[in-house]
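Undergrad: below: sequence and its predicted model.
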Number of protein chains: 2
Amino acid sequence: MRLAARLLRNLSRPFSTTTIMHQLTPASLNPAVLNVEYAVRGELAIKAEDYRNKLKEEDHGLPFDRIISSNIGNPQQKGLDQPPITFVRQIAALMEYPALSTLAPSAFPPDVLARASELQHEIGSIGAYSHSQGVPFIRQNVAKFIAERDGFTQANPNKSYTDFSDPNAIFLTAGASSGVSLLLSMLIASQNDGILIPIPQYPLYTATIAQFQGKPIPYYLSSSTQAGWSTSVKDVREALQKAKDEGINPKALVVINPGNPTGSVLDRATMEDLVRVCEEHSLVLLADEVYQDNLHLRVKDPSVSFTSFKKVLHDLSSPASLISFHSTSKGVLGECGRRGGYFECTNISPEVLALIYKMVSVGLCPPLQGQIAVDTLVRPPQKGEESYSLWKEETDTIHKALAERTGVMSERLNKLEGVTCYPSPGALYLFPEITLSDKAVQTAKTKGKAPDAMYALELLDETGICVVPGSGFGQKQGVWHYRLTCLCPGVEEYVGKLEKFHKGWVERYGV
Amino acid sequence: MRLAARLLRNLSRPFSTTTIMHQLTPASLNPAVLNVEYAVRGELAIKAEDYRNKLKEEDHGLPFDRIISSNIGNPQQKGLDQPPITFVRQIAALMEYPALSTLAPSAFPPDVLARASELQHEIGSIGAYSHSQGVPFIRQNVAKFIAERDGFTQANPNKSYTDFSDPNAIFLTAGASSGVSLLLSMLIASQNDGILIPIPQYPLYTATIAQFQGKPIPYYLSSSTQAGWSTSVKDVREALQKAKDEGINPKALVVINPGNPTGSVLDRATMEDLVRVCEEHSLVLLADEVYQDNLHLRVKDPSVSFTSFKKVLHDLSSPASLISFHSTSKGVLGECGRRGGYFECTNISPEVLALIYKMVSVGLCPPLQGQIAVDTLVRPPQKGEESYSLWKEETDTIHKALAERTGVMSERLNKLEGVTCYPSPGALYLFPEITLSDKAVQTAKTKGKAPDAMYALELLDETGICVVPGSGFGQKQGVWHYRLTCLCPGVEEYVGKLEKFHKGWVERYGV
């Protein structure tokens, strides 16, 4: 009867995807979903998207003529337009359409043609699922890259790279995010399991911990106008102890190096101490090293090099379990859209590796064009190859632009009243601290917004610049920040807008 | 002291990734991980991979010279080598390296150049993250495709396609699997929540339900030598009632149509009844329609068309919540490696859509080459366009080969003693039932294998053909099957090997 009545009612109602009666409500969903927060693509980004659409109208009435997306490290997006590396794209195109090597051989340098041919031989069609862990040949190249990057190959000419990095312990991924998500889903065994995360942090971590119903164990980063952001191992130990006192079972320590959103680079002593903490407390070290190629000091001093946790573990002969993440989305490739990356497991048992394999096999395989981008990341053109000079020029230009912009922006923002912009030697971001007056805090409160979210919203409304409020990354209580990328061209005009807005804000709300 | 002793011990031990002491053991992981099973890439596939490596040795000593991967619907893999559709790859190559349109314009037909240019205008660089839900322009094209496929556009020339399919309710995904996984992770709110799944089923469902700690509620499919596999709505209702009696809270009904592994196609009346069940019990209908373009009868009769659950919902004016999945991996594209797909939500509230958006935004975006493949899937070349005739020829050839092979294999396998091969009007698989003697069952028991797994292992050992035992998909107790794909070229030789093996098996174990 109930059904009949309902059907009768339905007949008179036009079909619509927004019909009023819904079986599915937020309350009926996994409650963990409601707790997930991801500010990088949150309220601000959605509003920016609305403005972007409005700008297409002739009479848009907005006080700016374009949206500048400084909220996300997405170098190739419209408006930023960091050019892709030609070498990467030429290989990708040949993998898509191998006939081009005979249809248009002159469109590609010989080393690119040879490289694509080698990859085609190894992979076959990129339209096929690969090994779920990633193409074996590419994983070998990743292992070689790691062994060379960390100086093992050079120091041990008689040993194999596999003595340092095992291709079978490397998993290619759809960007670093999917690897982080998978590992956290496996590590969190109960709602009592905790993951140590830096605060401020990249919100992928809090979002994913919330999704899998673990407990975030925050350790706060320190900041100083001279040294920038730094990690205190004492604070990590205290956070760990406090969590244990509360009955939480810590499973892993997340370290982001170079830091996101802070742009800081860890010193060697701190890295060693963090490894010791992991050993003592049987924590898995999750090393987010996706910005390892974004070291601004290297532009002036090529001897500046990245120190990986893998190398530190090796030098210490540490038995600590380490999972380190890398990505094709950052660095100078900036190939976010193809979703490429890898993680390497060190001191992880074969049984656990087999379980990771099982889990990735359910998702079949990472995207092949992401995997191929990983190959170009770990095997750039070498001196003497035809593509080398263009590759060098393109990558140098990007490194230089990032370093210069970071310097200029940091210096100019730091001069503003009520703004402290800490040095950012790495990654793609600045994370200035803003002093907000009582008036601003009270106004935000009446609007139901975090004070730094109100700052970011007014910045967007006035200038079209989209940043992420510090509250999206976590911060100490009563301290406010925002994160902006250093990817915007036209830095003079851009910083000018930020300065003008901030001065107006100070006039409205005081400091 | 403990630490000091450990460090001392480590100093004398060479660094190794397989060091004996591991913090992380399977027992310390999320227990749900241990319960995940995914037979398509399980023991058989791993052994086949080992054989494949061994075959590279000159004196491999194996009784076959190649591995034939019939375990997975992966048409473009080595050895199967289904050619990619030229149109798809030409557009993909131009998206990777837009300069080709000037460097090698003659390598591409004018409609491909125009299409790529349009996509480049809409998307910008494919190296950028897109909208997390997928490129808006491509989602519009998906919505148009759905409205046309289901006859809405033709029947309602004065209405917009958005009256039928809302681009804002469409999410592009990295293959259908990632969408299914996301939705199940959201739907399963407690360990008491159940998901109705067909048995036999594609093991993605049991694997994902196990991962998110829900309860699978099996409903068994029926088989007959005349009609093939079918779904009994009575059985679905009984399974539902039984689950409720056991205190399980059913949340969703999974339907795979055309079926995997069964190859069956649902009739309209059954589809309507299934929709009613969802209405009555407030179940979300999860319609896995990734094989919608694999209808073998259409080769002989072009009027045979796919009926989607979307259309059934519309025709019934049903308020049932539906999420339907499609993929670029199957059909005739077979572009598994690029990980493309979409799901469309119907009768899902804006609040829930916003939550889905939030969850996908944490993963940033689906791979752009997967998204572009979706665009070519939903917008193939049209009559009059330069690419049309080649596209038609290529797709017809694939459809024809699949239909022929399915027919030949099915007929020949059905003739074998103790083998019943049911008709398979759709998808890419056959799922023959094998009668196994007591002797075979007992032998398998002593080896600790499922009897059909032993059958599949011996088949692999003897012929190099890799199939998936029916137990990986679920089946009624004491009934045995295996699944094999219809993707292998050289069907005569291939079926010959299967026949010879089966006859030997019967000699060894009886029927």
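TA: Now that the structure is in, tell me what you want to look at.
Undergrad: and the end-to-end length of stretch A:333-342?
TA: End-to-end distance for stretch A:333-342, by CA to CA, to the nearest Å: 15 Å.
Undergrad: anything in it near chain B?
TA: Yes. For stretch A:333-342, a contact with chain B is found by CB under 8 Å from any CB of the partner chain, at A:Leu333, A:Gly334, A:Glu335, A:Cys336, A:Gly337, A:Arg338, A:Arg339. Bear in mind the C-beta positions are built from the backbone N, C-alpha and C, glycine included.
Undergrad: name the nearest residue to the second one, sequence neighbours excluded.
TA: Going back to what we said before, that points to A:Gly334. A:Pro75 (3.5 Å; CB to CB, 6 or more residues apart in numbering or on different chains).
Undergrad: right, and the one you found touches A:Cys488 too?
TA: No. With contact defined as CB atoms under 8 Å, A:Pro75 does not reach A:Cys488; the gap is 10.0 Å.
Undergrad: and the closest residue to chain B within the stretch 401-511 of chain A, which of the three is it?
TA: Going by CB to the nearest CB, chain B is nearest to A:Leu487 of the stretch 401-511 of chain A, at 10.9 Å. What DSSP: H, G, I helix; E, B strand; the rest coil gives for A:Leu487 is coil.
Undergrad: tell me which residues touch it, please.
TA: Contacts here follow CB atoms under 8 Å, 6 or more residues apart in numbering or on different chains; on that basis A:Leu487 touches A:Ser70, A:Gly73, A:Asn74, A:Pro75, A:Leu80, A:Gln82, A:Leu402, A:Arg405, A:Leu428.
Undergrad: what's the answer for A:Tyr97, then?
TA: Contact analysis of A:Tyr97 by CB under 8 Å, 6+ apart lists B:Arg89, B:Gln90, B:Ala92, B:Ala93.
Undergrad: what's the farthest-apart pair in those?
TA: Farthest-apart pair in the contacts of A:Tyr97 is B:Gln90 and B:Ala92; separation 7.3 Å (CB to CB).
Undergrad: any residue of stretch A:375-395 up close to chain B?
TA: No. Stretch A:375-395 stays clear of chain B (CB under 8 Å from any CB), getting no nearer than 11.9 Å.
Undergrad: quick one: mean pLDDT over that stretch.
TA: Across stretch A:375-395, pLDDT averages out at 97.
Undergrad: ok, A:Pro75 and A:Cys488, which is more surrounded?
TA: Neighbours per residue (other CB atoms under 10 Å in any protein chain shown) separate A:Pro75 from A:Cys488, with A:Pro75 holding more: 30 against 20.
Undergrad: could you check how far that one is from A:Lys497?
TA: Look at A:Pro75 and A:Lys497: by CB to CB, to the nearest Å, they are 20 Å apart.
Undergrad: now A:Val135
TA: Using CB to CB, A:Val135 is found at 45 Å from A:Lys497.
Undergrad: hmm, back to that, assign the residue nearest to A:Gly334 to helix, strand or coil.
TA: Under three-state DSSP, the three-state class of A:Pro75 is coil.
Undergrad: can you pull out the low-pLDDT segments for chain A?
TA: Low-confidence segments of chain A (pLDDT under 70): A:1-22, A:40-41.
Undergrad: please parse it into its domains.
TA: Domain ranges of chain A: A:39-81+A:393-504, A:129-378, per automatic domain parsing.
Undergrad: so which of the ones you listed is the most packed in?
TA: domain A:129-378 (a mean of 22; mean count of other CB atoms under 10 Å in any protein chain shown).
Undergrad: buried stuff in stretch A:102-120?
TA: A:Ala104, A:Ala107, A:Phe108, A:Pro109, A:Asp111, A:Val112, A:Leu113, A:Arg115, A:Ala116, A:Leu119 (16 or more other CB atoms under 10 Å in any protein chain shown).
Undergrad: quick check: end-to-end length of that stretch?
TA: 14 Å.
Undergrad: again with stretch A:374-387
TA: 17 Å.
Undergrad: which residues does that stretch contact?
TA: A:85-88, A:90-91, A:109-112, A:115, A:119, A:134, A:138, A:141-142, A:144-145, A:172, A:326, A:328, A:331, A:333, A:340-342, A:388, A:391, A:395.
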